Every structure is written in C-alpha cells, then in structure tokens.
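A.B. asks: A predicted structure for the sequence below; I have some questions about it.
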Amino acid sequence: MSALSEQTARYVEAGLQGAPNTARAYASDLRHFAHWCNANQVEPLPATVSTLAGYVTYLADAGKKMATIQRHLAAIKKAHVLRNLDAPTGEKQFKILLDGISRVHGVRQKQAPAFSLVQLKRLVREIDVTTASGLRDRAILLLGFTGAFRRSELTALNIENLEFSEEGLVIRLERSKTNQLGQHEEKAVFYSPEAKVCPIRSLQAWLRVLERETGPLFVRLRMGQRLTQDRLSDKTINAVVQRYLGDKYSAHSLRASFVTVAKLAGADDSEIMNQTKHKTSAMIRRYTRIDDVRQHNAAQKLGL
C-alpha cells in the first residue's frame, strides 16, 4: 500500500509540475487516503462510491473543514485521471453526501482581507529605505499589489523576467498556479507620480542594491543586511506582508486588494483578468472584498 501511495504521489507531482505547493499537498493527501484504505481493507484505485463516502465521513467526523475535504477529493480525482480511471466523485449519491456534510459542517472559507490604497500608501511611505531590507520589502509590497501576484509567483521571479521601458514594466511569467505548462504570460506595471509609492522606481532601487543582472529577484538577507543568493520562500513573503500590514493580513491580501481597488476604481472584469490571469469573472467576484454596502452600489447611480 505504501508503494501505491508513493507511485500515485509521483504521478500527481508530475501532473502538477509548476505548482509545487499544490503538488506537495496532493501527495500528502494521497498518502493519507492510501493509509486509510489500508486500515479499512479497501482498494484506493479505482475507488468506489462507498469507499469515498466512508473516507469523507471519516474526515468530516475528524473535524476537517469543507475546503480541506474538497482538496483531498481533488487529489484522489487527479490520481484517477492520471491512470485513466473513472473517479466516483461526480456520482449523484456522493454529491448528496457532500451537500449533507456542507450543511452540518460547512463554514464560509476564511478569506484574506483587502487593504485600501490609502492604507498601503501610508505604510509604504513609512518604510525605512536606508536599509537593504527596507528597499526589498517596499518593492515586494508595491510589486505584489500592482502586479496582483501570488506569493509563489513573487518568489519565482528572476531579474531577467523584467523588461523596463519609458511606458512602464513588463514582467514575463515562466509558470504560475494557472499556467503550469509555462505558456507565455505577462504582467504590466506602471509608474506612479509619487516616487515613494512607485512600484517601478522602488524595484529599480532594490536592483541597484543587488548589483547583478540575473538570478533571483527577491533574496534573503543575513545579519547586518548582507545579501545572499538564497531565493525568498513564500512563507517569508507572507511574513513581510504581515510585518507591515498586521497579522490579520496575508500575502494573498496583495492580490485580493488589487482586485478590490481596481473594481472600486471602475475597472471591468476583463481588464482585471488581464493582470490577475484569472480565467473567469466568477473568480474576480470571489476575490473582490467589498463588505461596505456603500461601496460599489448601484444605488449611487440612480440619478436622484
């Protein structure tokens, strides 16, 4: 059974090349499923409806959130697809069970909050940019926000991905969560009139500290502000965001805030999707954080 688990994990990791965090989570989920099947003397592949029903019931009774259960199921379905097997996740009986679990245990998924543009500008102006860490962190915050970057995309950026011009900055993405095959993708970032909050000028100031033209864009610093060649981890990107914005925020807030601020500024979904690389308007609605009923409300446009 352990060999089967390792084999399916290897297939999943290959199928999800370019999304290492997801691949690791799926591989871990598959090992968990294989161990449960072994303990209950049932076959994991191909799984039957009763096997999956027993497994998700076990997860629900263990207090797992609905989002976690869905991720486990996605890993199992992926393992079936990669072996050209039919996964019973779409069976009517199974969907009814999932609906029942959602009703009993379902809690709205916690979302990373968005910050306002005023809030971001204020904190960026206060960053001590006489230090290398200050210059780096300012560039991370401004580029992450204006480029609607995921943390994994920020960590993967190399200097050679950047193309500066008088019009702005074009950033070539080699891979992303939604672009696992490395298809050509670009993001555009533009100058701000105020130098202290300009993402391009801030990035150029950080590049002058790096003093090189290739390699990782955002790197770790040793004691005494000494540069290293070590690429920042996604956890460090998250820590940078929380250091300046507070613990309730996360690196995902950079992306959610871009969508929210852009919507409030009147950008349409296609314009936002051109930067975020979302595939559907439904995802834009999911990312928009407009909780104040007075914001983005059609009642303001009645003409009374």
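C.D. replies: Cool, the structure landed.

A.B. asks: mind listing the strands for this structure?
C.D. replies: Secondary structure of the chain, counting by DSSP state E: strands at 162-164, 169-173, 185-189, 219-222, 226-231.

A.B. asks: mind putting the ones you listed in a markdown table, distance to K64 and mean neighbour count included?
C.D. replies: C-beta coordinates here come from the backbone N, C-alpha and C atoms, glycine included. Formatted as a markdown table, those follow (distance: least, Cβ to Cβ, whole Å; neighbours: other Cβ atoms under 10 Å):
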| stretch | distance to K64 | mean neighbour count |
| --- | --- | --- |
| strand 162-164 | 41 | 15 |
| strand 169-173 | 33 | 17 |
| strand 185-189 | 34 | 17 |
| strand 219-222 | 34 | 14 |
| strand 226-231 | 32 | 12 |
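
A.B. asks: give me the number of residues near Y58?
C.D. replies: The local packing of Y58 (other Cβ atoms under 10 Å) involves 13 other residues.

A.B. asks: quick one: buried residues of stretch 250-269?
C.D. replies: The neighbour-count check on stretch 250-269 (16 or more other Cβ atoms under 10 Å) flags 250-263, 267, 269 as buried.

A.B. asks: who touches stretch 120-139?
C.D. replies: Stretch 120-139 is contacted from outside by 141-142, 145, 194, 196-197, 199, 202-203, 205-206, 209, 218-219, 221, 225, 227, 240, 243-245, 257, using Cβ atoms under 8 Å, 6 or more residues apart in numbering.

A.B. asks: just the buried residues of stretch 250-269 now: which is nearest H72?
C.D. replies: H252 (21.3 Å; Cβ to Cβ).

A.B. asks: only C-alpha atoms, please: export the longest helix along the chain in PDB.
C.D. replies: Longest helix in the chain, counting residues (DSSP state H): helix 20-39. Output in PDB follows, covering the C-alpha atoms of helix 20-39 (Å, rounded to 0.1, in the frame of the first residue of the first chain):
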ATOM      1  CA  PRO A  20       4.900  22.700  -6.100                       C
ATOM      2  CA  ASN A  21       2.800  23.700  -3.100                       C
ATOM      3  CA  THR A  22      -0.300  22.100  -4.600                       C
ATOM      4  CA  ALA A  23       1.700  19.000  -5.600                       C
ATOM      5  CA  ARG A  24       3.000  18.500  -2.100                       C
ATOM      6  CA  ALA A  25      -0.400  18.900  -0.600                       C
ATOM      7  CA  TYR A  26      -1.900  16.400  -3.100                       C
ATOM      8  CA  ALA A  27       0.900  13.900  -2.500                       C
ATOM      9  CA  SER A  28       0.300  14.200   1.300                       C
ATOM     10  CA  ASP A  29      -3.500  13.800   0.800                       C
ATOM     11  CA  LEU A  30      -3.000  10.700  -1.300                       C
ATOM     12  CA  ARG A  31      -0.700   9.100   1.300                       C
ATOM     13  CA  HIS A  32      -3.400   9.800   3.900                       C
ATOM     14  CA  PHE A  33      -6.100   8.200   1.700                       C
ATOM     15  CA  ALA A  34      -3.900   5.200   1.000                       C
ATOM     16  CA  HIS A  35      -3.300   4.600   4.700                       C
ATOM     17  CA  TRP A  36      -7.000   4.900   5.500                       C
ATOM     18  CA  CYS A  37      -7.800   2.400   2.700                       C
ATOM     19  CA  ASN A  38      -5.200   0.000   4.000                       C
ATOM     20  CA  ALA A  39      -6.600   0.300   7.600                       C
END
